[in-house]
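Student: got a sequence here, can you model it:
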Amino acid sequence: EQTTIYQDISYRSKDTDNRNRKPCMHPTPKTIIFDGDQSTLKFSGGKNIYSDLIVQTANDILLKKEASLMKSHPFFTTSCGTETTKLSVGVIRYDVPNGKFPDHIDHCNDNSFVYLLSLGCSANFVVKGPKSDRQMFRFNSGDVLVFDPSSDAAIVHGVKSINGDDYPLNCPDEFRQFRFGVQCRVKL
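Tutor: Residues are numbered from 1 along each chain as shown. So this is what the prediction gives:
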């Protein structure tokens, strides 16, 4: 599934390979640009690879592990293939080993949820809620983090570093050279 998602991203992107260029002093993550010079893919209703392989799979796992989510967050029980669902997908590529992204809060107050998929090398990822301590964990390829991106939720998150020696077996070459953060923002 990870390779299928990556192949779709590669097919749709206008990305150029700049690995042979001299690196800048302070490398920053690169936003992948898609056809039409857009930084996001947008879907409205219907089935697509991102809703099927990322969003619905994560929802199914969440609902199996946390039955209480059905009552407190009906969002997770709604099919993302409905005609009223809007999905946007953005991808950020992090260089190994110096890729990082500062801790931040999204401030997206549109009743959406974020499904963040990690592909390629693992990341040392930070997350903190308003009522929880700051936690750093290894965000492995194939892992998905689901969170409310609103100002009220105030979920602080960021990438501290990339682990260049930690990637899946039998993966595309790019998974050994980069970490890709695939952000699916779902709004019903």
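Student: element containing Ile9?
Tutor: Taking DSSP states H and E as the definition, Ile9 sits inside helix 2-12.
Student: same question, Phe125
Tutor: Applying DSSP H and E, one finds Phe125 within strand 122-128.
Student: list the strands paired with the next helix or strand after that strand, with their directions.
Tutor: Downstream of strand 122-128, the first helix or strand assigned by DSSP H and E is strand 135-139. Within its sheet, strand 135-139 is paired with strand 122-128 (antiparallel), according to DSSP bridges.
Student: for the strand it pairs with, C-alpha coordinates in CSV please.
Tutor: Written as CSV, here are the backbone C-alpha positions of strand 122-128 (Å, rounded to 0.1, in the frame of the first residue of the first chain):
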residue,chain,number,x,y,z
SER,A,122,11.3,7.3,9.9
ALA,A,123,11.0,10.6,11.6
ASN,A,124,11.5,11.7,15.2
PHE,A,125,8.1,13.3,15.6
VAL,A,126,6.9,15.6,18.4
VAL,A,127,3.3,15.9,19.5
LYS,A,128,1.6,17.8,22.4
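Student: which regions of this structure sit below the pLDDT cut-off?
Tutor: 15-27, 67-84 (pLDDT under 70).
Student: one step back: contact partners of the strand holding Phe125?
Tutor: For strand 122-128, the external contacting residues (CB atoms under 8 Å, 6 or more residues apart in numbering) are 94, 99, 103, 118, 134-141, 145, 147, 155-163, 166-167, 179, 181. Heads up, the C-betas are built off the backbone N, CA and C, glycines and all.
Student: if you count contacts, what does the helix holding Ile9 end up packed against?
Tutor: Here helix 2-12 touches helix 49-50, strand 112-120, helix 173-177, strand 178-187, going by 3 or more CB pairs under 8 Å, 6 or more residues apart in numbering; DSSP states H and E.
Student: export the ones you listed to JSON lines and tack on mean neighbour count?
Tutor: Shown next, in JSON lines, are the helices and strands packed on helix 2-12 (neighbours: other CB atoms under 10 Å):
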{"stretch": "helix 49-50", "mean neighbour count": "19"}
{"stretch": "strand 112-120", "mean neighbour count": "23"}
{"stretch": "helix 173-177", "mean neighbour count": "15"}
{"stretch": "strand 178-187", "mean neighbour count": "23"}
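Student: what's the closest of the ones you listed to Asp37?
Tutor: strand 178-187 (18.6 Å; CB to CB).
Student: report the inter-axis angle for that closest one versus strand 112-120.
Tutor: 160 degrees (axes from the mean of the first three to the mean of the last three CA atoms, to 10 degrees).
Student: for strand 178-187, what is the distance to the chain centroid?
Tutor: Relative to its chain's centre, strand 178-187 lies at 2 Å (CA atoms, centre = their mean, to the nearest Å).
Student: ditto for stretch 173-188
Tutor: With CA atoms, centre = their mean, you get 5 Å for stretch 173-188.
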